[in-house]
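Novice: curious how this folds, go ahead:
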Amino acid sequence: MNVKELINTARTLFASDKGLLAMDESDPTCNKRFAKLGIPQTVDSRRAYRELIVTTPGLGESSSGVIL
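Specialist: Numbering: from 1, shown residues only. Sure, this is the predicted structure:
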């Protein structure tokens, strides 16, 4: 990818005051958050949490992409 193409891609991702949603946290990081809240630290809980985020109505109105 050349510099001009990279700049154009970045501009597209952040157009219209939208941003990127970073959902690439590790399982241990997610588990620490869950432990503080008393949420079971399981694969199913992490999956449900991530599904809740990506199925939020109107998410696309404020996010132009997601880092998984």
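Novice: OK, contacts around residue 16?
Specialist: Going by C-beta atoms under 8 Å, 6 or more residues apart in numbering, residue 16 touches residue 64. Glycine gets a C-beta too; all of them are placed from N, C-alpha and C.
Novice: do that again at 6 Å, thanks
Specialist: Residue 16 makes no contacts at all, as judged by C-beta atoms under 6 Å, 6 or more residues apart in numbering.
Novice: from residue 4, how far out is it?
Specialist: Separation of residue 16 from residue 4 (C-beta to C-beta, to the nearest Å): 21 Å.
Novice: ok, residue 54 next?
Specialist: For residue 54, the distance to residue 4 equals 31 Å [C-beta to C-beta].
Novice: more crowded one of the two?
Specialist: residue 54 (12 against 8; other C-beta atoms under 10 Å).
Novice: which residues touch the more buried one?
Specialist: For residue 54, the contact set (C-beta under 6 Å, 6+ apart) is empty.
Novice: ok, residue 63 next?
Specialist: Contacts for residue 63 (C-beta under 6 Å, 6+ apart) come out as 18, 21.
Novice: apply 7 Å and report the result again.
Specialist: Contacts for residue 63 (C-beta atoms under 7 Å, 6 or more residues apart in numbering) come out as 18, 19, 20, 21.
Novice: surely residue 21 is within a helix?
Specialist: No. Residue 21 sits outside any helix when classified using DSSP: H, G, I helix; E, B strand; the rest coil, being strand.
Novice: that one contacts residue 66, correct?
Specialist: Yes. Between residue 21 and residue 66 there is a contact under C-beta atoms under 7 Å: 4.7 Å.
Novice: higher neighbour count, those two?
Specialist: The neighbour comparison of residue 21 against residue 66 (other C-beta under 10 Å) goes to residue 21, with 17 against 14.
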